[in-house]
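>>> Need coordinates for the following:
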Amino acid sequence: MTAIETGLNARGKVSHVIQGEYRVSNDPSEVLTTFLGSCVATCMYDPVAQIGGINHFLLPGGAEKSVNSYRYGLYSMELLINDLLKLGAQRDRLEAKLFGGAKMHDGLGHIGDANARFAINFLQAENIRCVSSSLGGVQARRIKFHPTTGRAQQLLLAGDLPPETRAVAPVKPPKSDDVVFF
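Numbers count the residues shown, from 1 in each chain. Prediction:
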């Protein structure tokens, strides 16, 4: 799946990745963005080849390859990794950053937690190093990812308003220095 190009920023293009999509890029002027609640996004990159990408999956685990497979973490992770390798990334150099998995509503049960656990377990099983993460909680997130540098930015959002109208909530300091809160 490809992302929707939403315009240009000061340095180049911005591509928005919605639920069930992924995108890879080796364009230093491109920024990949997404909004997350209980879904999880994996920002993955090869720092040597300067190639990266992001996925946005709705449900953990896998599904048989069908029209809705892109919604599942297993299929989404496989697509992301395969496209990174096609562009020239090397599997043993891949690094990942995980975001999302919030508990947005009581009616969703523990789907955010299940998504987060799936992503962590997948990376461990595939020997892909997770260099930072921001998972769980009760707030939605806006993510900006620079695929050629691996730089990620996160904005925690407050309330149940649509992402474009949410107010900025107080932000806790990052767990590591490579995730920038804005």
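>>> Please, where are all the helices along the protein?
73-87, 111-125 (DSSP state H).
>>> Would you reformat the ones you listed as CSV and include mean neighbour count?
(C-beta placed from N, C-alpha, C; glycine too.) Formatted as CSV, the helices of the chain follow (neighbours: other CB atoms under 10 Å):
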stretch, mean neighbour count
helix 73-87, 19
helix 111-125, 19
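>>> just so I know, which of these lies nearest residue 38?
Evaluated with CB to CB, the helices of the chain place helix 111-125 nearest to residue 38, the distance being 3.6 Å.
>>> quick one: contacts for the residue nearest to the spatial centre of the chain?
Taking CA atoms, centre = their mean, the centroid of the chain lies closest to residue 41, which sits 2.3 Å from it. The contact partners of residue 41, by CB atoms under 8 Å, 6 or more residues apart in numbering, come to 17, 34, 54, 55, 56, 57, 98, 99, 100, 143.
>>> Residue 97 now?
So residue 97 contacts 42, 43, 44, 130, 131, 132, 133, 145, 150, 152, 178, 179 (CB under 8 Å, 6+ apart).
>>> Specify the beta-bridge partners of the second one.
Same thing as residue 43. Note on residue 43: beta-bridge partners by DSSP bridges are residue 54, residue 97.
>>> from memory it sits against residue 143, does it?
Yes: the criterion here is CB atoms under 8 Å, and residue 43 meets it with residue 143 at 7.2 Å.
>>> coming back round to it: now render the helices of the chain as TSV, adding mean pLDDT and distance to residue 12.
TSV is the format used below for the helices of the chain (pLDDT from 0 to 100; distance: least, CB to CB, whole Å):
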stretch	mean pLDDT	distance to residue 12
helix 73-87	94	17
helix 111-125	94	28
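>>> Which residue, neighbours along the chain excluded, lies closest to residue 77?
With CB to CB, 6 or more residues apart in numbering as the criterion, residue 77 has its nearest non-adjacent residue at 5.5 Å, and that residue is residue 122.
>>> quick one: residue 135 and residue 46, what's the gap?
Look at residue 135 and residue 46: by CB to CB, to the nearest Å, they are 23 Å apart.
>>> more crowded one of the two?
residue 46 (24 against 19; other CB atoms under 10 Å).
>>> Could you tell me the model confidence score at the more buried one?
At residue 46, the pLDDT value in this model is 98.
>>> All set now, cheers.
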